[in-house]
Structure formats: structure tokens, C-alpha cells
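A.B. asks: Give me the fold of what follows.
(chains A, B and C)
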Amino acid sequence: MKFNSIDELLNYTNNIIGKTFYEIDSENLLKNNKNLKHRKGVLGQVVETGFYKYPINNDPHADFDEIGVELKVSGYKISKTGKISAKERISLSKIDYNSIVNEEFNYSKLISKNSKILIIWYLYEKGKDIGDFKITDYQLYEMKKDKEVFKNDFNIIKNKVLEGKAHELSEGDTSYLGACTKAAKSTDRTTQPFSDIPAKPRAYSLKNSYLTGIFRNFKSSHNATNSNNFLSIEEYIYSKMRPFIGKNQVKILEELTGKKYENKVPKNINKMITDKMIGKDSELPNKSDLFTKTSFIIKNIPIKINGKPKERMAFRTISLSEFDDDWEDSDWKAYFEETTLLTILWQEPNNNSKNGERILKGVKKISFNDYDLSSFEKTYNKLKETIQKKDISLLPTPNSFENQYLEVAPKGIKGDDAYNNFFKKDKTKVGLMLNKNFLYEKLKN
DNA sequence: ACCTGATCATTG
DNA sequence: CAATGATCAGGT
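C.D. replies: Predicted coordinates for the structure are as follows:
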């Protein structure tokens, strides 16, 4: 099928809404070949051949070349809380560590020949036959809008390889363009030019969170592109923080609110400040496009004069039922994989100065690599086991295994007795925390 | 001086 | 009124 204009393409595409993959699979790619079912990309082929009537085995990238549009078929899921998110990243070409160091950013080569992508969205439902997934939306997206961010991301990846740190690459390093792992076996490794350490093979990808952002914007048709000039989140955060850097907590809060806090320093003073100064986590997507397309969480951490953190970093309380899922499917894995922490650093002016006196120092971006995640996985599995066996002694409290980064700690209010009441209710009074040593290592580099 | 369980102030 | 993002503080 050939389209002469984008309008023509979209008019035709409108007919795909409401269909399942079985319904459009005229070539019977799904029914005839059960093995194909689990192959990635088969749904894209079904749409190409069954709906757009491209011949099978057509060059997969030709798509709608004449009108400058590339086709992507992408799943999304709806969480228990009703939030929509993309199911998977879209992976692009492989990263060649040995040649990237000599390459300059080239948008058209990296993303695609075409600047627009037509995304066909289907609703992924766990346990359902993939042929029964229903297509619910289609969306034409102009990738060029994000070109400068892609360029910045590309250079982050390139610089890491230049520093001989290809093995430390992580999807959290960048904003939109990820470096996702790409290998048949998880043990596969490849060489890198400036280090002898073998690195995992990776490909460029459009990050899951980026796709999620695109789709959420589309659904809320809040397409009012709040375009701005910031290329990275750190730059954005710094622009908000700059007037306050070097001042102490009480002074900053007083400046921001006009109230006096000298005699009574709220325990959560840092969160009050960053909420006002930068924005609440829930408001961030309205502040900059960068926030809609990447999951950022602002965290405050007090540090000592020597730069070491004074405290662990706490996350929300956990529910017993969250640990029904296997790690691979768990919300916690997705959270740590995709979230980038923006750590606001508050330094003590003297040893053991009190809350309220700490000085705003700067911001540090933290994301987690595969090595970190494999340690988190152990914590997760210990929690899962604790819950399954109803045995509190198995709980991954601090130092419950070698190289533990993520630990369980109480988080309630007076009298909660979090450990003894652990099994009483689904919503527990304990939370997950990253320990100080781990945090320090992350802050250092 | 640190570790780890206990507790707090504000928020939605 | 409980959850969140944090800090507090007693014991070692």
C-alpha cells in the first residue's frame, strides 16, 4: 500500500483502532507459527503485512519512506493505580564502542531516516495471548522536536566510552536516548577502546520513560509543548537552585515562604524547600518537557564536611502484595531501572550541625546500573521469601548479605513496632532504603 | 562516631 | 488520618 500524503496515511490508519492483532493478521503470522509469537517485533510485522499490506520480508525500515514517516508498534500497560506507561523501550541500532568515539552526533543516522514516527499503541495485558491485544490509539510524533536532547544524550554515551567506562553505562545516564543491553545471553561481553574491562553489548534505544511521556502527553492532549531551552535536567535544576546555593536551610525556607522558622525547624525542611524551589515531584512534568519524558525524583541528602552522606536514603513504605510478582516483572525493578534520582546535597557547616543549618551545596544525578540492580534483586527476593514463608527473621535488614545496597528499615510513627507487626496488614510500616556506603560511592563519581 | 530501629512534620 | 520524605537518638 502506498500513501501520497500524511493525511492519507492517518485516514487509513484510523481503521486500525479497536482491532486486535488476530483480526488484522491476514498473513496468519501469529496463528501459523507459534514460535514466532514470542519473537520481538512480530506485532510490528503483523501491522505491516496485515494492515498496511506490505509484502512479507520487506525491508523493515522502509515503512512510509516517501512521506517521511516511520512505523512503530508499541505496547502500553495500565498499573493498579490507573497510570499509563509504555511497556517496553524501542531499541534502535547497536552501539559500536570502538567507532562511537570517532563519531559526531548525526540525528538522521541515529534515529531513523525519517523525522516523524507513527506509533500504533496497543494495550498490553498480562497473561493474555498477544494476538488478542487490542490496538487503542495511534499517534504521529515529530522526533526532531527532541533533537537537541538526543544530541546531548549521545555525547553522554560517547564520553563514557572515551573515559573507558563503557561497562558502567546505564539507561539512567541519559534523558531520552538510552543505552540498553543487547545480547543473546546475559553473559555476552564485548570490547571497548579505552579500557580492558569487557562491557555488555548495548544498543541505542528510545527509553521506556520517554515513550511513556509521549503517550501520556498525547492522551491528555496537553500537547501544549512547554518548550524551553534546557538540554538536561541538571541544567534546569541548577537554574532554580543558583540563587540559594551557599545559604542554609532556614534562611532559604524563610526567603521562599516569608515566614520565620528559626525557633522551630520542621523535620522535613528540605522537602519543603525543594518542593517550593524546584517543584513537587508530581508537578515536575508541567515544568519542563524533560520531566514528562523521563522519570525523575528529587531527593535530599545531608552530607558531612568530607562529603559522606549522614543518612540512608528512604523510599516509600512497602506493601506485602507488591512482592507477589517476580523481580523481573516487579514495579520496584522498573522503578530503579528507570528512575533517575536528583540528589540535592546539603552540607554541614560544622561537624554535627543541626537540621536547619545545613548549606545548599549542589545537585547530583544518580542512576542505577546492572550491577546495582542485581544487588537490589537479592533484597527483593529476600523480601519475597520473607513474605511467602511468613518468617520475619529472613527480612533483609541492614547487612543481611554481602554487598547489600538496599535494606529494609522501620518507617512508622510512635508505637508502630514495625517488625513485629510486619504481617498484620498489607501496607507495612517498613520501607526500603539505600545504605550510606552505596550512596557515597554513587555521589563520588 | 556510627548503626539501626524509632519517630516526626507536613501533605493530600 | 495515614503515607511520605526525612531526621532523630539510644546503644554499641
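
A.B. asks: mind listing what A:Asp391 touches?
C.D. replies: By CB atoms under 8 Å, 6 or more residues apart in numbering, the contact list for A:Asp391 reads A:Glu385. No exception for glycine: its C-beta is placed from N, CA and C like everyone else's.

A.B. asks: give me that answer again for 10 Å
C.D. replies: A:385, A:423 (CB atoms under 10 Å, 6 or more residues apart in numbering).

A.B. asks: Can you give me the separation between it and A:Asp324?
C.D. replies: Taking CB to CB, to the nearest Å as the measure, A:Asp391 falls 17 Å from A:Asp324.

A.B. asks: Same question for A:Lys382.
C.D. replies: According to CB to CB, A:Lys382 and A:Asp324 sit 15 Å apart.

A.B. asks: quick one: which of those two has more around it?
C.D. replies: Counted by other CB atoms under 10 Å, A:Lys382 and A:Asp324 do not tie: A:Lys382 has more neighbours, with 21 against 12.

A.B. asks: Hmm, A:Leu395 and that one touching each other?
C.D. replies: Yes - under the criterion of CB atoms under 10 Å, A:Lys382 makes contact with A:Leu395 at 7.2 Å.

A.B. asks: what touches both of those two?
C.D. replies: Both A:Lys382 and A:Leu395 are contacted by A:407-408, under the criterion CB under 10 Å, 6+ apart.

A.B. asks: need the contact list for the residue minimising distance to the centre of chain A.
C.D. replies: Chain A has A:Glu338 as the residue nearest its centroid, 2.1 Å off, counting by CA atoms, centre = their mean. Taking CB under 10 Å, 6+ apart, we find A:Glu338 in contact with A:85, A:89, A:171-172, A:178, A:207-210, A:212, A:294-295, A:367-368.

A.B. asks: how about 8 Å then?
C.D. replies: By CB under 8 Å, 6+ apart, the contact set of A:Glu338 is A:171-172, A:207-209, A:295.

A.B. asks: Nearest to A:Thr187 among those residues?
C.D. replies: Nearest to A:Thr187 among those: A:Glu171, at 19.4 Å, using CB to CB.

A.B. asks: From what I see, A:Tyr124 and A:Phe133 are in contact.
C.D. replies: Yes - A:Tyr124 is within contact range of A:Phe133, at 6.1 Å (criterion: CB atoms under 8 Å).

A.B. asks: Pull up the overlap in contacts between the two.
C.D. replies: Listed as contacting both A:Tyr124 and A:Phe133 by CB under 8 Å, 6+ apart are A:Gly75.

A.B. asks: quick revisit: tell me the confidence at the residue nearest to the centre of chain A?
C.D. replies: On pLDDT, A:Glu338 comes in at 80.

A.B. asks: now it: how far from A:Ala314?
C.D. replies: From A:Glu338 across to A:Ala314, the span is 19 Å (CB to CB).

A.B. asks: same question, A:Met241
C.D. replies: 22 Å.

A.B. asks: near DNA strand B, which residues of chain A?
C.D. replies: Neighbours of DNA strand B within chain A, by CB under 7 Å from any atom of the strand: A:266-268, A:272, A:275, A:280, A:282, A:308, A:311-312, A:351-352, A:397-399, A:409-419, A:429, A:435-437.

A.B. asks: Narrow these to those in strands?
C.D. replies: Among the residues of chain A next to DNA strand B, the members found in strands (DSSP state E) are A:409-410, A:429.

A.B. asks: Who wins on neighbours among those residues?
C.D. replies: Scoring those on neighbours with other CB under 10 Å, the highest-scoring entry is A:Lys429 at 19 neighbours.

A.B. asks: quick one: pLDDT of the nearest residue to that residue once chain neighbours are set aside?
C.D. replies: Using CB to CB, 6 or more residues apart in numbering and skipping residues adjacent in sequence, the residue nearest A:Lys429 is A:Gly412, 3.5 Å away. On pLDDT, A:Gly412 comes in at 86.

A.B. asks: dump the residue contacts of A:Gly412.
C.D. replies: A:418, A:429-430.

A.B. asks: With respect to DNA strand C, which of those residues is nearest?
C.D. replies: The nearest member of those to DNA strand C, counting by CB to the nearest atom of the strand, is A:Lys429 at 7.0 Å.

A.B. asks: Contacts only, for A:Met118.
C.D. replies: For the record, residue A:118 is Leu, not Met. Residues in contact with A:Leu118 (CB under 8 Å, 6+ apart) are A:9-10, A:13, A:64, A:69-72, A:138-141.

A.B. asks: circling back: now the contacts of A:Gly412 in CSV, with pLDDT?
C.D. replies: Shown next, in CSV, are the contacts of A:Gly412 (pLDDT from 0 to 100):
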residue, pLDDT
A:Ala418, 85
A:Lys429, 91
A:Val430, 93
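
A.B. asks: could those residues go into CSV alongside distance to DNA strand C?
C.D. replies: Shown next, in CSV, are the contacts of A:Gly412 (distance: CB to the nearest atom of the strand, whole Å):
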residue, distance to DNA strand C
A:Ala418, 10
A:Lys429, 7
A:Val430, 10
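
A.B. asks: For the helix or strand harbouring A:Lys251, which helices and strands make contact with it?
C.D. replies: For A:Lys251, the host element (DSSP states H and E) is helix A:249-257. Contact here means 3 or more CB pairs under 8 Å, 6 or more residues apart in numbering; DSSP states H and E; on that basis helix A:249-257 packs against helix A:269-277.
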